[in-house]
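1. I'd like to go over a predicted model; first the sequence, then the structure.
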Amino acid sequence: MDKYTLVTGASEGLGVEFARLAAKEGRNVILTARSTDKLEALAKDLRSDTVDVVVIPADLSDLSEAARLWSAATEGRIIDILVNNAGLGYNGPFSDPQGWERELASMQVNMLTYTYLMKQAIPHMESYGGGRIMNVASTGGFMAGPGMAVYHASKAFALHLSEAVATELRNTNVTVTALCPGATATNFFEDADMHAVRLLKFGAPMKADVVAQDGWAKAFAGKRIVVPGVINKVFANLPRFAPRALTARVSALFLAKS
């Protein structure tokens, strides 16, 4: 059986860049997201005589869809790289009931689906000689996020899960990496209603291809946590040197809309 790289959230942003990196290295790729048209367009761009690209549309806010995805992806194929990139967020006060549906979907994608796919991938990879898992977390996972409370909490889950499982697997042939980008030039800000947050006024977001390249290279180097960019490293390390109440206030300042 041939080996494949499975990329979730592959219709745009970082997911597209990870798929391009895999294909550039001659790796077969499985693309999944909700938008079939975008996936098919990307697949057409990536396919070659040496690279097979499979499209499996799925809504990963539904755990049964994640199960269907894994079953279809592994039918006659070996997944040796899993990129858990799909993610959702919502910017708004936690007390606002209008945000519940989006927050529920965020928890399902950012936590349940990540966990499920990792649970399936690890024994699968171990049985076929090893593999690599990259979970796209966030610098938000290092601190509380007033205004995006559920999103930050879900990314803390992804970060801690990744680090814990990486430690469990330290003597195996499977590695786990948590990629923790800060503001990145993708459609996430529009989807999460974040286009007016103060964070975007403190500097241009990092380019998606730069973030993806850093995460990809360091995942293959076996790094457990990757924080691209100097400013992002400062934010990620702030909770180590400042009181948690202060870091939460700083986070609230940057996430507020101006």
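-> Ah, there it is. Numbers count the residues shown, from 1 in each chain.
2. Report pLDDT for Phe189.
-> Reading off the per-residue confidence, Phe189 sits at a pLDDT of 48.
3. Contacts only, for the residue nearest to Ala33 when sequence neighbours are not counted.
-> The shortest distance from Ala33 to any residue that is not its chain neighbour, by Cβ to Cβ, 6 or more residues apart in numbering, is 3.7 Å, and that residue is Ser11. Yep, even glycine has a C-beta here, placed from its N, CA and C like the rest. Contact analysis of Ser11 by Cβ atoms under 8 Å, 6 or more residues apart in numbering lists 31, 33-35, 38-39, 42.
4. likewise Ala219?
-> Neighbour list for Ala219: 132, 134, 175, 177, 179, 226 [criterion: Cβ under 8 Å, 6+ apart].
5. So which of the residues you listed is surrounded by the most neighbours?
-> Comparing the contacts of Ala219 on neighbour count, Leu179 comes out first with 29 neighbours (neighbours: other Cβ atoms under 10 Å).
6. isn't it right up against Arg224?
-> No - distance between Leu179 and Arg224: 10.5 Å, which falls outside the contact criterion (Cβ atoms under 8 Å).
7. coming back round to it: quick one: the contacts of Ala219 as JSON lines, columns for pLDDT, secondary structure and distance to Phe157 too.
-> Rendered in JSON lines, the data for the contacts of Ala219 read as follows (pLDDT from 0 to 100; DSSP: H, G, I helix; E, B strand; the rest coil; distance: Cβ to Cβ, whole Å):
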{"residue": "Arg132", "pLDDT": "98", "secondary structure": "strand", "distance to Phe157": "20"}
{"residue": "Met134", "pLDDT": "98", "secondary structure": "strand", "distance to Phe157": "16"}
{"residue": "Thr175", "pLDDT": "98", "secondary structure": "strand", "distance to Phe157": "20"}
{"residue": "Thr177", "pLDDT": "98", "secondary structure": "strand", "distance to Phe157": "16"}
{"residue": "Leu179", "pLDDT": "97", "secondary structure": "strand", "distance to Phe157": "15"}
{"residue": "Val226", "pLDDT": "96", "secondary structure": "strand", "distance to Phe157": "17"}
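8. quick revisit: taking the contacts of Ser11, please make a ChimeraX selection of just the buried ones.
-> Selecting in ChimeraX just the buried members of the contacts of Ser11, where the criterion is 16 or more other Cβ atoms under 10 Å, is done with this command:
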select :31,33,38,39,42
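9. Can you tell me which of the contacts of Ser11 is closest to Arg77?
-> Of all the contacts of Ser11, Arg77 sits closest to Leu31, with 13.2 Å by Cβ to Cβ.
10. in its sheet, what does the helix or strand hosting that closest one sit against?
-> Using DSSP states H and E, the secondary-structure element containing Leu31 is strand 28-32. Using DSSP bridges, strand 28-32 pairs in its sheet with strand 2-8 (parallel), strand 53-55 (parallel).
11. Let me see the residues that make contact with the last one.
-> Outside of strand 53-55, the residues within contact range by Cβ under 8 Å, 6+ apart are 4, 19, 23, 28-32, 36, 39-40, 42-43, 46-47, 73, 77.
12. which SS class is Ile133?
-> Look at Ile133: counting by DSSP: H, G, I helix; E, B strand; the rest coil, its state is strand.
13. All set, thanks.
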